[in-house]
Each structure stands twice: as structure tokens, then as C-alpha cells.
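>>> Here is the input, now give the coordinates:
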Amino acid sequence: MPAILNFKNFLDDIKNQKIFFKIYGKSKRILSMARYHTKNLGNDEYLKILFDDKSFLLVLLKEKTLMYSDHIIGHIKDIKDQDIGEKKTIVYQNKKYKLVNKNDHQLVKKLLFGDFSELEEEVFFSDYEPEDGSIELLSLGWLAKDHQRADIHVKELKIKDIETV
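Here you go, the predicted structure:
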């Protein structure tokens, strides 16, 4: 199985419609993938990729960073709706997160693969990052279409931990 040598190799694999990967040694197939941007971040685009095991990859193109979670949370019940974007700090899993992007609006630029049956489309959200400096993102918000919570918690994925199958 070929290793992905760098971020550009990963993007080339995606562009060439490679849909089978291993992350932390677990085989995965891309179900859906889309390109997004937000009102607050302007033209800084990113990709969201949903795999067949419901794990999730956020690809920050400008930062050349991969952020990963074994599952999509949906709704973190310990965090109240009225706190999102209003509280400067939020505690999640005994860790403090600070507000870094308040009241943003995610918009789809293009569906690249699959469909939107399970991948989110338009979302209103606020982002939080850990106060301890670890590379994580706690994004809390609501789907525009039905106002259901659309919370995600992702951590940095090193390029050495993903490979093409």
C-alpha cells in the first residue's frame, strides 16, 4: 500500500478519484466529499469527507492540515444551544476550549463525490479551539435545513497516518 508522502500527494489522490484509504491502519472508503467555504473566512476553502464507517475528515486547504474524527457527533448534549457563540470558553471532555470563530455560516461550493444524504450542507456554527494549544477543533452549530445540531470534534491527523489503498 503506497504511503502518502505529503499533503499535495493526498490532494492528488483525491483529485484522481482515489476513494480507498487507510487511516490509523483501518480501511475506509469515501462515501461523500464536498468543498466548502464560510462567510467569516471568505475564500479559504476546505473539504469535508465522510467515510463508509462514518468517520470524518476535514481538509483545511490553506493550512494544509488534516483533521479527523472516528465519528460525527451530531449533538453534544452537554453544550447548550444558547452557549454556542456566546460563551468565550466551553468545557468539553474535561478540556477548556476558547471561541475563535463566532457565528459563521458554512456554504457548499461543490459536491465532489457521493451525495448529501449524510454529509452536511449549509450550517450556522461557531468554532472553538483548545486553550492548551493542541491541534483540535470543536465546531458547534445547526443545519440550516432542519435546525438539527451539527457538532463535530476533530483532531489533527498526521500525513504519516493515512495511506492510499
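
>>> make it CA atoms for all contacts and neighbour counts henceforth
Noted.

>>> got any ranges where the protein has weak pLDDT?
Scanning the chain for pLDDT under 70 picks out 1-5.

>>> Would you state the helices of it in chain order?
Listed in chain order, the helices of the chain (DSSP state H) span 7-15.

>>> could you pull out the strands for the protein?
Taking DSSP state E, the strands of the chain run over residues 20-23, 26-38, 42-51, 56-60, 65-69, 89-92, 95-113, 123-130, 136-143, 152-157, 162-164.

>>> what's the closest of those strands to residue 79?
Nearest to residue 79 among the strands of the chain is strand 89-92 (7.8 Å), distances taken as CA to CA.

>>> Identify each buried residue in the closest one, please.
89-90 (16 or more other CA atoms under 10 Å).

>>> one step back: wait, which of the strands of the chain is closest to residue 11?
Among the strands of the chain, strand 56-60 comes nearest to residue 11, with 9.3 Å by CA to CA.

>>> just checking, residue 60 touches residue 66?
Yes: under the criterion of CA atoms under 8 Å, residue 60 makes contact with residue 66 at 6.3 Å.

>>> When these two are compared, which one has more neighbours?
Taking neighbours as other CA atoms under 10 Å, residue 60 and residue 66 compare with residue 66 leading, 20 against 15.

>>> In a markdown table: the strands of the chain, plus distance to residue 79.
Below are the strands of the chain laid out as a markdown table (distance: least, CA to CA, whole Å):
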| stretch | distance to residue 79 |
| --- | --- |
| strand 20-23 | 29 |
| strand 26-38 | 23 |
| strand 42-51 | 23 |
| strand 56-60 | 21 |
| strand 65-69 | 19 |
| strand 89-92 | 8 |
| strand 95-113 | 12 |
| strand 123-130 | 12 |
| strand 136-143 | 9 |
| strand 152-157 | 12 |
| strand 162-164 | 31 |
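
>>> Could I get the contacting residues of residue 98?
The neighbourhood of residue 98, defined by CA atoms under 8 Å, 6 or more residues apart in numbering, consists of 88-90, 128-131.

>>> So residue 152 sits against residue 68, correct?
No: counting by CA under 8 Å, residue 152 does not reach residue 68; the two are 9.7 Å apart.
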